[in-house]
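here is a sequence with its predicted model. Questions after.
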Amino acid sequence: MNSKLESIFANLMQELAPSEEQDRFLQTPILAAKAWRELCAVQTVRPEELLYQQRLPADSFQGRVGLPNLAFLSICEHALLPYFGEVEIQFEPQQWLAGAGAFEQIVRACSQKLSLQESLNQRIFEVIRDVLEPRFLQVRIEARHTCMQGRILTTCCVTSMKAQPTKQ
């Protein structure tokens, strides 16, 4: 084993896989460790910085911007199992806009760590609120959770309010 994470998965496989089938799972610890490193990637750039670098003046833009169906995958900090779904963002610009790709990057950056759906929703909301300072902002996450004893549970979480930017 090359890493502590691979050793953890090797121990897990010894506990879960029948002893007569252990040879089938020799590569599993290596592959699982690689997958978990990618799922919980440590971000070198903060989500706020990503959005700040891509914001554009709103100029005379009028109306609301809607960004539906931004896919995400995250890992539940309680069960260490994945939950996944879509984020919908709606906002009314005041001074700043950003392209759709910037919002996809924000969702990805915020979801690549252990989290709860509610805290993920709040984190995305705060990043957009603090960087773009919109008149109105709503972030809605609909997710399917793979915990709950193997059943898939679908939940929805919404953070919506007239955004009051925090000044730092």
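Arrived safely.

got a list of what residue 147 touches?
Shown in contact with residue 147 (C-beta atoms under 8 Å, 6 or more residues apart in numbering): 76, 78-79, 81, 83, 153. The way it works is simple: take the backbone N, C-alpha and C, and place the C-beta from them, glycine included.

which one of these is nearest residue 51?
Distance to residue 51, by C-beta to C-beta, is smallest for residue 83 among the contacts of residue 147, at 23.4 Å.

who's in contact with stretch 25-43?
1-3, 5-10, 12-13, 17, 73, 75, 82, 109, 112-114.

change it to 10 Å
Residues outside stretch 25-43 that contact it (C-beta atoms under 10 Å, 6 or more residues apart in numbering): 1-14, 16-18, 22, 49-50, 73-75, 80, 82, 108-115.

among those, name the ones in strands.
In strands, defined here by DSSP state E, the members of those are 73-75, 82, 114-115.

now for the contacts of residue 147: which two are most distant?
The distance between the two most remote of the contacts of residue 147 (C-beta to C-beta) is 12.6 Å, for 78 and 153.

now the common contact residues for these two.
Jointly contacting residue 78 and residue 153 under the rule C-beta under 10 Å, 6+ apart are 145, 147.

that's a helix at residue 90, yeah?
No - using DSSP: H, G, I helix; E, B strand; the rest coil, the assignment for residue 90 is strand, not a helix.

what's around it, how many residues?
Neighbour count for residue 90, taken as other C-beta atoms under 10 Å: 16.

quick check: it touching residue 139?
Yes - applying C-beta atoms under 10 Å, one finds residue 90 in contact with residue 139, separated by 8.2 Å.

joint contacts of those two?
By C-beta under 10 Å, 6+ apart, the residues touching both residue 90 and residue 139 are 67, 160.

name the helix or strand of the chain that has the lowest mean pLDDT.
strand 153-161 (a mean of 71; mean pLDDT, DSSP states H and E).

which residues touch residue 52?
Neighbour list for residue 52: 46, 96, 98, 102, 127, 130-132 [criterion: C-beta under 10 Å, 6+ apart].

returning to what we had before: which one of the ones in strands among the contacts of stretch 25-43 has the most neighbours?
Neighbour max across these (other C-beta under 10 Å) = residue 74, 25 neighbours.

scan this structure for its longest helix.
As assigned by DSSP state H, the longest helix anywhere in the chain is helix 117-132.

now that helix: mean pLDDT?
Across helix 117-132, the average pLDDT comes to 94.

what are the buried residues along it?
Residues 117, 120-132 are the ones in helix 117-132 that count as buried (16 or more other C-beta atoms under 10 Å).

all set, thanks.
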